[in-house]
Structures are given as C-alpha cells and as structure tokens.
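>>> for reference, the sequence and a predicted model appear below.
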Amino acid sequence: MATVLVVDDDRHLLEAVCATLELAGISALGATDGGSALELLTARDIGLVISDVGMAPMDGFALLAEVRRRRPDLPIALMTAYGVVEQAVEAMRAGAADYLSKPVEAQALVALARRLLTAPSAAAPDGFIAEDPRTIEVLNLAARVAKSAATVLLTGESGSGKEMFARYLHASSTRATGPFIAINCAAIPESLLEATLFGHERGAFTGAAQSQPGKFEQSNGGTLLLDEISEMPLGLQAKLLRVLQEREVERVGGRKPIPLDLRVLATTNRDLQEMVGEGRFREDLFYRLNVFPLHIPPLRDRPRDIVPLARHFAARIAQGRKLRFSVEAESLLRAHPWPGNVRELENTVQRALILATGDVIAAVDIVLSAAVPRMPLMGIEAPVTDIKTLERDHILATLKEVGGSRKLAVQRLGISERTLRYKLQQYRLEGAI
C-alpha cells in the first residue's frame, strides 16, 4: 500500500492525522504547506493526498488543481470545516475523490484512506501494475489499437514488460476467447524454428514420426506473439512475410496451404530500422510488422511503477508470508536506474525476501549489485541462489573454462549458439557481465 500525504498548516492536527494512519498500519507523510507537499509528491511514492482546505498561501483547492495537473491518476481527499456543505460540494466538483469533515473522526479517516489507496486504476486491468502516468498512457493506447485487426510491433528494452502488454492487447481484443501463443525466436535453434512456426508433416525430416501443427495453426482464432523477431534468420523472414501476406501457411514437407485467421504481434529490443539498413532484416517484413508501433518505456522512465511492482512481486513470491518494505528500502528501489528493468526488479525482490529476517524488508536487504549475496549457514558461507542464477553461473563458468570460445561452450552446454547469444545478451542487460 502506497504512502498517504497529509497536508495541513495546523501542526497539531497534522501530527494527529498522521499518527492515526500509522497506528492503522498505513504509511503517512506530513506537509505544512502546498509547496512542501508538491516537493514530496515528486520525491516519494504517494498513493493518496489528504489536504486541508483552509491553508495559506496555497489553499486546498489550489493544491488540488496542481496535483491533478501533475498527477491526474492520484486520488485526493479534502478536509473541510464541519457543516460547511458548500465546501464539500465544491471539492467534489473540483475533482476530489472524497472529503472529510473536521474534526476528523479516526474511523472515517482510516476507512477512507484504505478505500482510496486500494482503488484500482481506471486504465489498468486486473493484475496489471500500472500507476505511472506513462504506463497508463501506453495502456490507453494499447486498448484503442486492441479493438482493431492491426499488426502491432512492441519495442522496448529487454525486461521492460513487452509480453505483458502483448497479453493485454490480446485480452482487450475481439479474439480474447481464442488462444494466445507466444514463441521466442531467439530461444529456438534455427534448424527447428521453421517447423515450430509452420508445422510439419510426417517424415518431413529425421525424427518427424507424426504430423504436427505449428504455432501459426495453433493460434487460429486468437493471437500469435513473435517474441524477439529481430533474431529470426533472413531466410525464414521471407517465408514469414509470405504467410503474413497470404494469410495461409504450408507445413514443412506439406503441399496443402492451410488458411489462417489470427492476429500477429511482434516484439523486439533492437532497432529494426537500423538492422534493415545493415541488411540484417528484411525491409518489406519490417513494414508488414510495423503497422502500429507501440513503445514500452523502460522502468526508469516510469518511476511510479517501481514500488507497486516490488510489492506485487513480494506478495507473490512470499506465498502468504506478511511482508512490507521499509521507507528506506522503497527509497532505495526508486533511486536505482534498473538497467535490467522489471526482470531485474523481480530478481532483486526475490533476493530481498531471502535476506529479510522479520516482517519488514529493510534497505540492507536490497542487494542491487550483480553479485550473488552470501549468508552464514551453520558457520559456512553459502551462496543464496535460485535456478536462474545457477544456470547463469554455470554458463559463465563454462565460457571461462573454454577461454571464451562460444563454439566450445555450446558443445559442452548442449545448447545452440543462438540460445547462448540470447542468454549472454540478457546477462549484459541485467548487469551480470
């Protein structure tokens, strides 16, 4: 739950309101004037403003107007003089989410704060964490294009949440009841990618014991997401272009075209236009995919999402364990540039949950470096790891053993060079190498 910003030039009342909220388990900050309130609004993760009306030089209505200009998504409640109905009506007309009459009753204050803090964003769907105005703006744009049949190219840095937005596009479209199929073009060996996409007939190649529909057929009636489309080989790009143009697919080893009725979405963390200029991506395919470009901002450019996302990950990973972040920990999270974006944030929260000893995640539990934290266990220094970390350490150790030779590394690891290149790219973005 985000922090409540209380604004009142009466210090005694300000302290009383903040204390009441804190006793109810709600984080609260106080400001004695509008200017200080606006500074805190910029520096802290504020989820609700409760302001007195009768202040000087900036009264509650002027503060309400300025907050609504800066943060149209933020709920504001005004405290009005007891029995002054005109003030309450004026507050609601000016855009206040609610009002409280003075003297403020503790029960009514806490109930109002909890209700407005937990109210979902009008623009964000269930399960989608979107509190920053930039994220909400992208969501609104996505909701509009979702109703059309246009192909959408989602661009943005690795880990910024492109697949989440793709799923939102599908869920908001007329194909929402159909399948949503995602395929990572970088994670599948080149030799298998064509058969995976287009399907194959029995005997089409060694090991093809039976016919198999591809991802295009499986997506009929729904949406197909081509994740990291920039990693698709040039030869396969030509075949993909034909499928998109003709709206039909022919299985590997087959002769009968299969009609398609689906929507195609694609994502990339690279500059496709630059790749076109370098001859590494087909220009005609680029324009076929780029009907409606949708750029997902990196996490550092939507700072109001950082703490809500961290709380979401903590609640999901903790599995019933009641935890909250300290004010210092939240400030540390907001100050970090997050080069690995949402994926890096999730990993950081997972490490913090391992290190936290009580019900509060402190700043000391937030490990922002790439190094795996260590903690004593029965007198032995034991590394705190998860499956992803173990895989990363194994891959990097193998590369070191073979003197950095990717060819030798893939032989030892039993993966394709494409997969190794993809994983190394992720580790660089996460700051691990």
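Everything's here; your move.
>>> show me where pLDDT drops low in this structure?
1, 73, 82-94, 119-127, 203-209, 369-388, 390-391, 413-415 (pLDDT under 70).
>>> residue 32 versus residue 16, what's the distance?
14 Å (CB to CB, to the nearest Å). For glycine as for every other residue, the C-beta is placed from the backbone atoms N, C-alpha and C.
>>> show me the residue at the heart of this protein, geometrically.
residue 161 (4.4 Å; CA atoms, centre = their mean).
>>> in this structure that residue contacts residue 296, no?
Yes. Using CB atoms under 8 Å, residue 161 is in contact with residue 296, at 5.9 Å.
>>> for the residue lying closest to residue 259 once chain neighbours are set aside, give me its contacts.
Spatially, and ignoring its direct neighbours in sequence, residue 259 is nearest to residue 248 (5.1 Å; CB to CB, 6 or more residues apart in numbering). Residues counted as contacts of residue 248 (CB atoms under 8 Å, 6 or more residues apart in numbering) are 257-260.
>>> same deal with residue 329?
352, 361-363, 365-366.
>>> just give the nearest non-adjacent residue to it, would you?
Closest to residue 329 by CB to CB, 6+ apart is residue 363, at 4.7 Å.
>>> for residue 222, see how far away that neighbour is.
45 Å.
>>> returning to that earlier point: just the buried ones among the contacts of residue 248, please.
258, 260 (16 or more other CB atoms under 10 Å).
>>> which stretches of the stretch 151-300 of the chain form strands?
Counting by DSSP state E, counting those that start in this stretch, one finds strands in the stretch 151-300 of the chain at the ranges 152-155, 180-184, 199-200, 212-213, 223-227, 248-249, 258-259, 263-268, 292-295.
>>> which element, helix or strand, includes residue 411?
helix 406-413 (DSSP states H and E).
>>> would you show me how to pick out the buried ones of the contacts of residue 329 in PyMOL?
To isolate the buried subset of the contacts of residue 329 in PyMOL, counting by 16+ other CB under 10 Å, use the following:
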select buried, resi 352+361+362+365+366
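>>> in strands, which of the contacts of residue 329 appear?
residue 361 (DSSP state E).
>>> of the contacts of residue 329, which pair is most distant in space?
352 and 363 (9.7 Å; CB to CB).
>>> how many neighbours does residue 331 have?
16 (other CB atoms under 10 Å).
>>> wait, residue 111
12.
>>> what's the helix or strand encompassing it packed up against?
Using DSSP H and E, residue 111 sits within helix 106-118. The contact analysis (3 or more CB pairs under 8 Å, 6 or more residues apart in numbering; DSSP states H and E) places helix 106-118 against helix 11-23, strand 46-52, strand 98-101.
>>> how much does that helix deviate in direction from strand 46-52?
140 degrees (axes from the mean of the first three to the mean of the last three CA atoms, to 10 degrees).
>>> need the next SSE after helix 106-118, C-terminal direction.
Following helix 106-118 in sequence, per DSSP H and E, is helix 133-146.
>>> tell me which residues of that following helix come out buried.
133, 135-136, 138-139, 142, 145-146.
>>> run through who's touching it.
By CB under 8 Å, 6+ apart, helix 133-146 touches 71-73, 121, 123-125, 128, 130, 152, 165, 168-170, 172-173, 292, 294-297, 301-302, 304-305.
>>> quick one on the thing from earlier: so for residue 331, which of the helices and strands packed on helix 106-118 sits nearest?
strand 46-52 (12.8 Å).
>>> contacts for the closest one next, please.
Here strand 46-52 has contacts from 1-10, 13, 17, 29, 34, 37, 40-41, 60, 63-64, 67, 74-79, 100, 102, 109, 112-113, 116-117, 131, using CB under 8 Å, 6+ apart.
>>> what pairs with it, and is each one parallel or antiparallel?
strand 3-7 (parallel), strand 76-80 (parallel) (DSSP bridges).
>>> quick one, which of the strands of the stretch 151-300 of the chain is packed in tightest?
Mean neighbour count (mean count of other CB atoms under 10 Å) peaks for strand 263-268 among the strands of the stretch 151-300 of the chain, with a mean of 25.
>>> that one to strand 180-184, inter-axis angle?
Using the same axes, to 10 degrees: strand 263-268 against strand 180-184 is 30 degrees.
>>> which elements pack onto strand 263-268?
Secondary elements touching strand 263-268 (3+ CB pairs under 8 Å, 6+ apart): strand 152-155, helix 162-171, strand 223-227.
>>> try it again with 6 Å
strand 152-155, strand 223-227 (3 or more CB pairs under 6 Å, 6 or more residues apart in numbering; DSSP states H and E).
>>> just put these in a markdown table and tack on distance to residue 424.
Listed next are the helices and strands packed on strand 263-268 as a markdown table, based on distance: least, CB to CB, whole Å:
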| stretch | distance to residue 424 |
| --- | --- |
| strand 152-155 | 21 |
| strand 223-227 | 17 |
